[in-house]
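S.K.: give me a 3D structure for the following:
(chains A, B, C, D, E and F)
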4 protein chains.
Amino acid sequence: MSEHRQGPVRSEAARVAILEATARLFQIRGYEHLTMEGIAAEAGVGKQTIYRWWPSRAALVADCLLEGRLFSERFNFPNTGDIRTDLVSWLGNVFGILEEPAGELLWRSLIAAATENEAVGRRLYESLGIGSSLVPRLRAAVEASDLRADAPVEEIGEALMGALILRALSRLPTQPGSAERLVDAVLGDSSRR
Amino acid sequence: MSEHRQGPVRSEAARVAILEATARLFQIRGYEHLTMEGIAAEAGVGKQTIYRWWPSRAALVADCLLEGRLFSERFNFPNTGDIRTDLVSWLGNVFGILEEPAGELLWRSLIAAATENEAVGRRLYESLGIGSSLVPRLRAAVEASDLRADAPVEEIGEALMGALILRALSRLPTQPGSAERLVDAVLGDSSRR
Amino acid sequence: MSEHRQGPVRSEAARVAILEATARLFQIRGYEHLTMEGIAAEAGVGKQTIYRWWPSRAALVADCLLEGRLFSERFNFPNTGDIRTDLVSWLGNVFGILEEPAGELLWRSLIAAATENEAVGRRLYESLGIGSSLVPRLRAAVEASDLRADAPVEEIGEALMGALILRALSRLPTQPGSAERLVDAVLGDSSRR
Amino acid sequence: MSEHRQGPVRSEAARVAILEATARLFQIRGYEHLTMEGIAAEAGVGKQTIYRWWPSRAALVADCLLEGRLFSERFNFPNTGDIRTDLVSWLGNVFGILEEPAGELLWRSLIAAATENEAVGRRLYESLGIGSSLVPRLRAAVEASDLRADAPVEEIGEALMGALILRALSRLPTQPGSAERLVDAVLGDSSRR
DNA sequence: TTTTAACCGAGACGGTACGTCTTGTCTTATA
DNA sequence: TATAAGACAAGACGTACCGTCTCGGTTAAAA
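M.R.: Okay, the predicted model is just below:
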């Protein structure tokens, strides 16, 4: 009474080669110029092998996101103990990344991929803030009584990340003090100074 | 010393037909399926006539945005006198639009177009909030002393619009009370209740 | 010091299933649409089982030909005693088959297979005329002194079969009396009327 | 009341380049290895330009045939005055071509193309014998009373060409004297020696 | 009786070519 | 001379098969 399928098993080497090629090309050329043929060639793989396991290039990007192949540790959230300092420093850092050409390309490409694919959107949402570092850090601040107990941490997280996305889309240069004012706006009376 | 060019002048009829076709197809099919050939056919116009005046489909969308061919009055900002009520009502309204298939398509399509084209991004930023209704209304609230004089109105606007964009990308269902909490978060101690 | 191989012996069931599937698909879809994958699926067999025993689809067709899985008895040569009558009747019969869609498909498919594969060509040559019924019947007519002793029986056979093939390739409708004239042409002064 | 279409006219340069590339590749590689992509690359043309004017590679071959891009003058029919001599010499000549690798490939490729495409079949039939040189020569022989007035010239032509095709398919080596015997068979009592 | 080599089905793999679609440029005839 | 129409070179799309290979399972002769 076996549940096992007959035949060859999925090739892990091919899977990894495809995701690596995807991440590499995504970062260099951007989502707009990412093609299935390019990925197949870069990975040394037949196109059918990609289509067998992923329905679209957006799904490939979603998997890269899930496996952490697109974000560097530069997006990590600091933890100095003071939530306001951490937020300002993280935000300033990300603003900085946005002003590098490569960072801007990556960021806009991720948004473009998210418009095409639900999973990319969700994973972007999770891996970049709400699910991973930002909101948990806010929750910890609530625990530590650095923020009011009823502070709307999810909405604060969304407002901050959303502002980052908007900044990327509008391509406006970051104004000095912008990070501080944004943190002030969203933290507002939630903080107990 | 005339400044007038010889020969036929740019056809206004063609210009309008092209923008109308763009807006129509954009709303029905989404940015992803918007093609230059489709627009030319829909407008009854040669492709070259489009390329002569616009460099890309994103530029067409930017012009549609500029001429108000994409937004309905449903995005207009209310003005009841109370800034908090207005914000919550507007936000709830836009969340509602996001939950309709057509609204979601339009919204995501605009974001997609913005990732490709700076002008679309800027105009989205301006026409949807910062430049037009939202931020001016916030400034008015400052004038009327409904908000603190030093409230970071631009950052508040960015945070709200950004949250909307993030919501569209993550495709998460809107939680009850979300609009209120978001307004609370961004208004915070800026409001003088 | 045995010469016997270890392991199971070739599966007759698989062999028959493959040839049956080949013949079935060849007759229904034609040689052009005959694929190894289609045969494997139709036969319920792994592709490797086919490739283990046959190098190409043409080789499969050659084996079908050899085992008589493609020709019906409708191609059999009659024997009334009069060689001229027999030839005219057989030729008319085959012309008739050529005017049915299925017959035309089969005939053209066989020619197509023969262009790719020597064995198919040879077996077509043998099984359809020269080797089996037509030429032996001509030889018998020589024996019976119905034809001159030095009649070029092989060439007569080739001329007749060749005319059939040409007719299939040109797709011209058969003219009335064509069979008779063809027999007159090739028998010519070989017959002793 | 104009009947003229707007827009650019079909490019003669592209048409010729495509047919030349087709003929070249057909002769070198054979019909089996003739691909649309290969032709497009060889001709320096987009694939769409081929598909715009021809539905299939067989149609391309048919046009090459029609424009005489595939046959050399080696297939021309001699005219010494004696029909039997001419037939034997022409047949021997073609048998000779069949024994060269390039000639065999060309010949088999033409047959393969004819199995796929009616127009190729018809043009092969016409350009190679019945329509052009062989049958007219036979008719001339009838005129000159070298053949009986009621000789079935079409059937004689078909029988000869068919024998050539069969010879190509069976790949049997030509026997000495074969051309003579074949001519004897088909001319038979039609000739007035 | 155990080993073991070859068979079997299934199907993943790197490829090639398919026929379609769209891009941005170029060409023609019309207005 | 701007336009509508549309041909052009280029190249990506997603699909179909190719022929090879890799699995787990199954025989049946050899050890």
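S.K.: hey, let's count contacts and neighbours off CA atoms from now on
M.R.: OK.
S.K.: how about the strands in chain A?
M.R.: Taking DSSP state E as the criterion, chain A carries no strands.
S.K.: contact residues of it facing DNA strand E?
M.R.: With C-alpha under 7 Å from any atom of the strand as the criterion, chain A comes near DNA strand E at residues A:6-12, A:14-15, A:41, A:44-49, A:52-53.
S.K.: my read is that A:Leu70 contacts A:Cys64, right?
M.R.: Yes: counting by C-alpha atoms under 8 Å, A:Cys64 is a contact partner of A:Leu70 at 6.3 Å.
S.K.: show me what from chain A comes close to DNA strand F.
M.R.: By C-alpha under 7 Å from any atom of the strand, the part of chain A that sits against DNA strand F consists of A:2, A:4-9, A:34-38, A:47-48, A:51, A:56.
S.K.: joint contacts of A:Leu70 and A:Cys64?
M.R.: A:Ala23 (C-alpha atoms under 8 Å, 6 or more residues apart in numbering or on different chains).
S.K.: contacting residues around the nearest residue to A:Pro78 once chain neighbours are set aside?
M.R.: The shortest distance from A:Pro78 to any non-neighbouring residue, by C-alpha to C-alpha, 6 or more residues apart in numbering or on different chains, is to A:Asp86 (5.7 Å). By C-alpha under 8 Å, 6+ apart, the contact set of A:Asp86 is A:Phe77, A:Pro78, A:Asn79, A:Thr80.
S.K.: pretty sure the second one sits against A:Trp90.
M.R.: In other words, A:Pro78. Yes: applying C-alpha under 8 Å, one finds A:Pro78 in contact with A:Trp90, separated by 6.7 Å.
S.K.: quick one: which of these two has more around it?
M.R.: A count of neighbours by other C-alpha atoms under 10 Å in any protein chain shown puts A:Trp90 above the other of A:Pro78 and A:Trp90, at 20 against 17.
S.K.: quickly check: stretch A:55-70 near chain B or not.
M.R.: No: counting by C-alpha under 8 Å from any C-alpha of the partner chain, chain B has no neighbours in stretch A:55-70; the shortest distance is 12.4 Å.
S.K.: returning to what we had before: quick check: the farthest pair among the contacts of A:Asp86?
M.R.: Of all pairs drawn from the contacts of A:Asp86, the greatest distance, 9.9 Å, lies between A:Phe77 and A:Thr80 (C-alpha to C-alpha).
S.K.: okay, these two: which has more neighbours?
M.R.: A:Phe77 (19 against 9).
S.K.: and for the residue of chain A found nearest DNA strand F, the neighbour number?
M.R.: Nearest residue of chain A to DNA strand F, counting by C-alpha to the nearest atom of the strand: A:Gly7, 3.1 Å away. A:Gly7 has 6 neighbours, counted by other C-alpha under 10 Å.
S.K.: read off the pLDDT value for the residue of chain A at minimum distance from DNA strand E.
M.R.: Using C-alpha to the nearest atom of the strand, A:Gly7 is the residue of chain A that sits closest to DNA strand E, at 3.2 Å. Model confidence at A:Gly7, given as pLDDT, is 78.
S.K.: cool, A:Leu164 as well?
M.R.: Taking A:Leu164 on its own, its pLDDT is 89.
S.K.: so who does it touch?
M.R.: Applying C-alpha under 8 Å, 6+ apart, the residues near A:Leu164 are A:Val94, A:Phe95, B:Gly162.
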